[in-house]
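Asker: Give me the fold of what follows.
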Amino acid sequence: IFGGWLLAQMDLAGATPAFERAGGRCATVALDGMVFHQPVAVGDEVSIYARIIKTGRTSIRVHVEAWKRARGQAEAQSVRVTEGVFTYVAIDQDRKPREVPLDTLQK
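Answerer: Numbers count the residues shown, from 1 in each chain. Next comes the predicted model:
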């Protein structure tokens, strides 16, 4: 499959914990260390996992991994295919950076 499609799915997955931590809207501002370990074929089952690795005053860094499993193979193992670190910034209604609320850091 096209790498850009997978990258978009990973961005969406990473935005979920960032949104929860920020308590609202976030914008993707950076992508670091993107590594494509293996290709993904059409028909492969893709799973994406995201976890917050750092929270700053306005930013949230999220490590995102994509894994695949070949469809139609009963004994197929999951294999990590792509990973990277996405940086999101909490934004206000005017799309300006805002501070990440302290109360969300406890979650």
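Asker: I figured residue 45 was touching residue 68, is that so?
Answerer: Yes - here residue 45 reaches residue 68: they are 6.6 Å apart, a contact under C-beta atoms under 8 Å. Heads up, the C-betas are built off the backbone N, CA and C, glycines and all.
Asker: neighbour count winner among the two?
Answerer: residue 68 (23 against 13; other C-beta atoms under 10 Å).
Asker: Where does the more buried one fall, secondary structure wise?
Answerer: Residue 68 is part of strand 59-69, with elements assigned from DSSP states H and E.
Asker: What residues of the helix or strand just after that strand count as buried?
Answerer: Sequence-wise, the next helix or strand downstream of strand 59-69 (DSSP H and E) is strand 79-90. Neighbour-count burial for strand 79-90 flags 81-90 (criterion: 16 or more other C-beta atoms under 10 Å).
Asker: And stretch 40-56, by the same measure?
Answerer: 40, 44, 46, 48, 50, 52, 55.
Asker: So the third one, which state does it fall into?
Answerer: Spelled out, it's residue 46. strand (DSSP: H, G, I helix; E, B strand; the rest coil).
Asker: give the contact list for it.
Answerer: By C-beta atoms under 8 Å, 6 or more residues apart in numbering, residue 46 lies in contact with 6, 9, 40, 66-68, 81.
Asker: For these, give me a markdown table that also has distance to residue 100 and pLDDT.
Answerer: Listed next are the contacts of residue 46 as a markdown table, based on distance: C-beta to C-beta, whole Å; pLDDT from 0 to 100:
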| residue | distance to residue 100 | pLDDT |
| --- | --- | --- |
| 6 | 28 | 94 |
| 9 | 24 | 97 |
| 40 | 33 | 93 |
| 66 | 26 | 97 |
| 67 | 28 | 96 |
| 68 | 33 | 95 |
| 81 | 30 | 96 |
